[in-house]
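# I'd like to go over a predicted model; first the sequence, then the structure.
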Amino acid sequence: MLTLREKVEEAASAIRARTRVVPRFGITLGTGLGGLVGEVQVETRIAYKEIPWFPDPRVTSHSGTLILGTLGGKPVAALEGRYHLYEGYSLEEITLPVRVLKALGIECAVFSNAAGGLNPHFRTGDIMVISDHLNLMGVNPLVGPNDDALGPRFPDMCEPYDLKLVSALESLALKCGIRATRGVYAALTGPCLETRAEYRMLRAIGADAVGMSTVPEVIVAVHAGLKVVGISCITDLCLPDALKPVNIKEILRVAGESEPKITALVRHFIEHYPVFVG
Ligand code: HPA
């Protein structure tokens, strides 16, 4: 049985053997938000099923492709197709791609997702720059023996989302004419949507948006020492006193319509990145 580090190395070596791209940015694309790939000058495409230890995408409907190329003039790796806890994947499987991108050389991980809006100021189609999160999944991907070569036993979480980068994304959004505000993302396992009582609770404990992804990958990215940014597309409003049944088709439609905003934001962000961290 291989260790996690050995699995990560095997996956990274298999990818290195197929591309000249040494990515600086790793982008994980959320539900309905895959359009960014159209802006990447693609050098290499690798199906997840051809990468050792990557979760088997046949279990789910989406394909799963790793794309390597350039975006905004910088080398990037984009994960098209992510894995959710509700699909039955283990946390190690869900987060392995982030570890592999780190092994390939990324310094910054960018995550996008579709989320329900809890903040009453939100409108559907708005962009929320994630400034912090609530892990309400009841599990943590770092539980178990720690490999110090991958990261510390007790990673600090006082600023999982780099706040300089949060501000940078907000200013870029303003410049591009995109409505975007920072907020707290709460992650639950799903797959059922939440009850009115749960939405009320989530708002009361400080969440601005709710979804079923991102947090496990962010925890692992922080453990791995990466800079992290997260962007949510608010696909539906979860206001307990005016709640309508969620329509998944509608969520995908809103995500698809807002996707160009996220793509523009991420492209500008990557293009100007050194200025923000310098
Ligand atoms: N809950 C509610 N609405 C949503 C979610 C969720 O997890 N994801 C996208 N819209």
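Perfect, thanks for sending it. In this text, all values refer to a predicted model and were calculated from it rather than measured experimentally.
# three-state assignment of the residue in the stretch 1-150 of the chain that the ligand sits nearest to?
Distances between the stretch 1-150 of the chain and the ligand by Cβ to the nearest ligand atom are smallest at Gly116, namely 2.4 Å. Any C-beta I mention is one placed from the backbone N, CA and C, and that applies to glycine too. Three-state assignment for Gly116 (DSSP: H, G, I helix; E, B strand; the rest coil): strand.
# can you pull up the bridge partners for it?
Val210, Asp236 (DSSP bridges).
# Report the separation between it and Gly183.
12 Å (Cβ to Cβ, to the nearest Å).
# Let me know whether my guess that Leu172 is in a strand holds.
No. Counting by three-state DSSP, one finds Leu172 to be helix, located in no strand.
# Quick check: nearest residue in space to it, chain neighbours excluded?
Spatial nearest neighbour of Leu172, excluding adjacent residues (Cβ to Cβ, 6 or more residues apart in numbering): His268 at 4.9 Å.
# gap between the one you found and Ser232?
18 Å.
# and what of Thr31?
If you go by Cβ to Cβ, the gap between Thr31 and Ser232 works out to 11 Å.
# for Glu50, same thing?
30 Å.
# So between those two, which is more surrounded?
Neighbour count, other Cβ atoms under 10 Å: between Glu50 and Ser232, Ser232 has more, with 30 against 13.
# That one should be in a strand, yeah?
Yes. Counting by three-state DSSP, one finds Ser232 located in a strand.
# what does the stretch 51-200 of the chain put close to the ligand?
Ala114, Ala115, Gly116, Gly190, Leu193, Glu194 (Cβ under 6 Å from any ligand atom).
# Pull the number of nearby residues for the fifth one.
The local packing of Leu193 (other Cβ under 10 Å) involves 18 other residues.
# Not counting its neighbours along the chain, what's nearest it?
Counting by Cβ to Cβ, 6+ apart, the residue nearest Leu193 is Val246, at 4.9 Å.
# which SS class is the one you found?
Applying three-state DSSP: Val246 is coil.
# Tell me how far it lies from Leu96.
With Cβ to Cβ as the criterion, Val246 and Leu96 are 30 Å apart.
# Thr19: what's its closest spatial neighbour, skipping adjacent residues?
Nearest to Thr19 is Thr44, by Cβ to Cβ, 6+ apart, at 3.9 Å.
# Quick one: residues contacting that neighbour.
Arg18, Thr19, Arg20, Val21, Ile67, Leu68, Gly69 (Cβ atoms under 8 Å, 6 or more residues apart in numbering).
# now those: which count as buried?
Those of these that meet the buried threshold are Thr19, Val21, Ile67, Leu68, Gly69, by 16 or more other Cβ atoms under 10 Å.
# re the thing from before, report all helices and strands that whichever strand or helix holds the residue nearest to Leu172 contacts.
His268 belongs to helix 248-277 when elements are defined using DSSP states H and E. Packing partners of helix 248-277 (3 or more Cβ pairs under 8 Å, 6 or more residues apart in numbering; DSSP states H and E): strand 25-29, strand 65-71, strand 74-80, strand 108-117, strand 127-135, helix 163-176, strand 227-237.
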